[in-house]
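**Q** Could you work out the structure for the sequence below:
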Amino acid sequence: MAIDFSTSYWQGTAVRLRALEPSDWKVYFAWNQDDAMARRLLEIPFPQSQEAVKQWAEKESTRRREDDNCRFVIENTDAEVVGDLTTHLCDPRTGAFFYGLHVHKAHRRKGYAKEAIAIVLRYYFYERRYQKVMAAIYSFNEASIRLHESLGFQREGQWRRMGYSEGQYFDHLFYGLTVEEFAANHPHLPLG
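**A** All right, here's what the predicted structure looks like:
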């Protein structure tokens, strides 16, 4: 069943962002079995049981949000979960926040990440009054580096040897984008 993406702030032409539902546990459990994906995000975790992931999804889906940190589930127009985007370290005083993004490998290179990022940035910049966003990217993640640079992000720093996987250390690269840079790079986006 296709989704009509013309009625909600959270809907674009290719994706819709929504809250986590308890039934999403199955998708997250499957993703937990993909070690290559986990490595690109942070690290390969210890195994989790299906029951543990069910309980996490239940708790996360009903958690009362007390700040601007949020998990957005990314769906395509076929209502298929293709990834997620989480905002964190949201600081309303300075107007800056970080986010992390994952699009499952079967759904990459379809514009889902770019559109999901644009929707979230539009919301945080134009509805929540944030003025800057940051993304930390492992130095080996060339696809994410290219994506962020294509969105107008500027490389602002590097922490050497802050990631570790497969017996190697990697750097964290920090990219930033201000509200003014976002507006200049995305003049076609409606404000809401």
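
**Q** What pLDDT does the model give residue 53?
**A** Looking at residue 53, its pLDDT stands at 89.

**Q** Kindly report the same for residue 30.
**A** Value for residue 30, per-residue pLDDT: 88.

**Q** can you confirm it is in a helix?
**A** Yes: Residue 30 sits within a helix when classified using DSSP: H, G, I helix; E, B strand; the rest coil.

**Q** going forward can the numbers begin at 43, since that is how I track them
**A** OK, 43 is where the count begins now, so the last one is residue 72.

**Q** tell me, how many neighbours does it end up with?
**A** Using other C-beta atoms under 10 Å, residue 72 is surrounded by 12 other residues. Yep, even glycine has a C-beta here, placed from its N, CA and C like the rest.

**Q** Then residue 168?
**A** Number of residues near residue 168 (other C-beta under 10 Å) recorded here: 16.

**Q** longest helix of this protein?
**A** Criterion DSSP state H: the longest helix present in the chain is helix 154-168.

**Q** Identify all contacting residues around that helix.
**A** Helix 154-168 is contacted from outside by 51-52, 54-57, 59, 110, 114, 116, 118, 124-125, 127, 129, 139, 141, 143, 145, 172-173, 175, 189, 192-193, 219, 221, 224-225, 228, 231, 233-234, using C-beta atoms under 8 Å, 6 or more residues apart in numbering.

**Q** Narrow these to those in strands?
**A** When DSSP state E defines the strands, the subset of the contacts of helix 154-168 inside them is 57, 59, 114, 116, 118, 124-125, 127, 129, 139, 141, 143, 145, 175, 219.

**Q** ranking these by neighbours, who comes first?
**A** Result: residue 57 is most packed of those (other C-beta under 10 Å), 30 neighbours.

**Q** Any buried residues in stretch 176-186, and which?
**A** Residues 176-181, 183, 186 are the ones in stretch 176-186 that count as buried (16 or more other C-beta atoms under 10 Å).

**Q** Stretch 201-210 now?
**A** Quick answer for stretch 201-210 (16+ other C-beta under 10 Å): 205, 207.

**Q** Convert that stretch to CSV, retaining C-alpha atoms only.
**A** Extracted in CSV, the C-alpha atoms of stretch 201-210 (Å, rounded to 0.1, in the frame of the first residue of the first chain):
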residue,chain,number,x,y,z
TRP,A,201,39.5,13.3,16.4
ARG,A,202,42.3,10.9,15.6
ARG,A,203,42.0,7.2,16.4
MET,A,204,38.7,7.5,18.2
GLY,A,205,37.1,4.5,16.5
TYR,A,206,38.2,0.9,16.5
SER,A,207,37.1,-2.0,14.4
GLU,A,208,38.6,-5.1,12.7
GLY,A,209,41.9,-4.5,14.5
GLN,A,210,42.3,-0.9,13.1
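
**Q** pLDDT on it, on average?
**A** On average, stretch 201-210 scores 88.

**Q** Now do the same for residue 182: helix, strand or coil?
**A** coil.

**Q** Nice, that's everything, thank you.
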